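# Build me a structure from this.
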Amino acid sequence: MFYFDHAATTPLDERVLNRMLPYFRENYGNPSSIHQFGQKAERALEDAREKVARVLHCQPAEIVFTSGGSEADNLAVRGAALARYKTSGERWILTAKTEHPAVAKTAEQLAQEYGFLLEWLDVDQHGAVKRETLRKAVCDATALTSVMYANNEIGTINPIADLAAIARANRVLFHTDAVQAAAYLDLDVTKLNVDLLSLGAHKFYGPKGVGALYVRAGVNLVPHQTGGGQENGQRAGTHNVPYIVGLAEALSLAFEERESRNAHVQPLRDQLIGSILEAIPEVQLTGHPTERLPNHASFVFKDVDGNLLLQLLDSAGFACSSGSACKTGNPEPSEALTALGYSRDWALGSLRITLGKDSAAEQVDSFLKTLPALVEKARSLNSKFI
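Numbering: from 1, shown residues only. Prediction:
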């Protein structure tokens, strides 16, 4: 099997695992305890916080550890919106339907259950939020804007620094979901201008089940998990020390090796895009042709069942993913592809190929030799049921 689904998750880096292991066994204390076992765990926790802060160019106190990227998104969007409404009454939330469900569904819940007013920002043909779109949407009653750094499904990179500058000029909080971006893009929050930024460790060769949220000093959040006073009262619960140590190590490695990793995957990505567009009829690249993640290639094929294509690829030894979700046997196009204006006969045939630091040219060559026949087979099988 060749693994081409690194946007879904990445394998745990062995160096990260080795860094984590002592905190499962020898140094197993609770960092909230005052004895020496607890003190060792607390030291590891704060060292990890400092490591993350160095990559983000922020203060350690501005880092909140969570159970993953989705929780970080939830805490940022719900926590900031509720706090803003409580202190100054703003009720508008701005985001896009191309956002990850952790953001989009949280915004919907705030509108449905808490009386917030939600405006969906339009995206261009590549799935990006334009500066002028945000400039026209912000108003005095806007509490929060959330626009993802890079799209998980189509790979498009948004102009976050410019968008955040517009929000800041209008005294609007700005959050970005950087879960997909963290492995490949600059996370310097001073350059990005953001107030809140979400991370998930398993997207950059760290463990699943741990994430982090940058919260700019002075930004208030209403916590959604209460109990003890962990994370300065912003997220209660006993710290998952081994996983937090793993997140920090993985993020540091991603920062140190970013240039070499990008240089490795981008030519392979370009080969995938060029060859697939040339070799297969009725195919379109989704997302921006150049302003996209360096490891990310995504397509739609007309009159193809994307889930069937994934099964055929899996049987042939390739692990990929699709943007369409199969719900109780009834495939539906993804929100992102619908927002881009693709009709159902195109949107159901999506394919995402995401490379990693260990992907090899030979694997890509093998994939490109295999894919055209499988797309043809999927079209043939699909036509029998239309």
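# what are the ranges of the helices in the stretch 251-386 of the chain?
258-279, 306-316, 335-339, 344-347, 361-383 (DSSP state H, counting those that start in this stretch).
# nope, the stretch 1-150 of the chain is what I meant
Counting by DSSP H, counting those that start in this stretch, the helices of the stretch 1-150 of the chain are 14-20, 36-56, 69-88, 101-114, 131-137.
# most packed of those?
Among the helices of the stretch 1-150 of the chain, ranked by average contacts under mean count of other CB atoms under 10 Å, first place goes to helix 69-88 (a mean of 23). Placement of C-beta: from N, CA and C, glycine included.
# so what does it touch, helix or strand wise?
Where contact means 3 or more CB pairs under 8 Å, 6 or more residues apart in numbering; DSSP states H and E, helix 69-88 is packed against strand 63-66, strand 92-95, helix 101-114, strand 142-146, strand 173-177, strand 196-200, strand 211-215.
# Figure out which of these is closest to residue 366.
strand 196-200 (29.8 Å; CB to CB).
# and stretch 226-242, how far apart are its ends?
One end of stretch 226-242 to the other measures 22 Å (CA to CA, to the nearest Å).
# for the helices of the stretch 1-150 of the chain, which one sits closest to residue 162?
helix 131-137 (5.3 Å).
# check contacts around residue 219.
80, 173, 195, 196 (CB atoms under 8 Å, 6 or more residues apart in numbering).
# in the chain, what secondary structure element scores lowest on mean pLDDT?
strand 325-327 (a mean of 45; mean pLDDT, DSSP states H and E).
# give me the element residue 235 is part of.
Using DSSP states H and E, residue 235 sits in no helix or strand.
# Counting neighbours, what do you get for it?
24 (other CB atoms under 10 Å).
# My guess is it contacts residue 222. True?
No - look at residue 235 against residue 222 with CB atoms under 8 Å: they stay out of range, at 11.5 Å.
# thinking residue 145 is in contact with residue 92, fair?
No - using CB under 8 Å, residue 145 makes no contact with residue 92, being 9.2 Å away.
# which residues of the stretch 251-386 of the chain score low on pLDDT?
Scanning the stretch 251-386 of the chain for pLDDT under 70 picks out 323-330, 384-386.
# For the closest residue in space to residue 183 that isn't next to it in sequence, give me the pLDDT.
Counting by CB to CB, 6 or more residues apart in numbering, residue 183 lies nearest to residue 204, which is 4.0 Å off, once chain neighbours are set aside. As predicted, residue 204 sits at a pLDDT of 98.
# can you pull the contacts of residue 204?
Per CB under 8 Å, 6+ apart, neighbours of residue 204: 10, 182, 183, 250, 251, 253, 254.
# Okay, the fourth one and residue 308: tell me how far apart.
In this case it means residue 250. As judged by CB to CB, to the nearest Å, residue 250 and residue 308 stand 35 Å apart.
# These two - which one has more neighbours?
residue 250 (30 against 21).
# Next, that one: phi, psi?
Note on residue 250: its backbone torsions stand at phi -60, psi -40 [degrees, to the nearest 10].
# correct me, but it touches residue 201?
Yes - look at residue 250 against residue 201 with CB under 8 Å: they come within range, at 5.7 Å.
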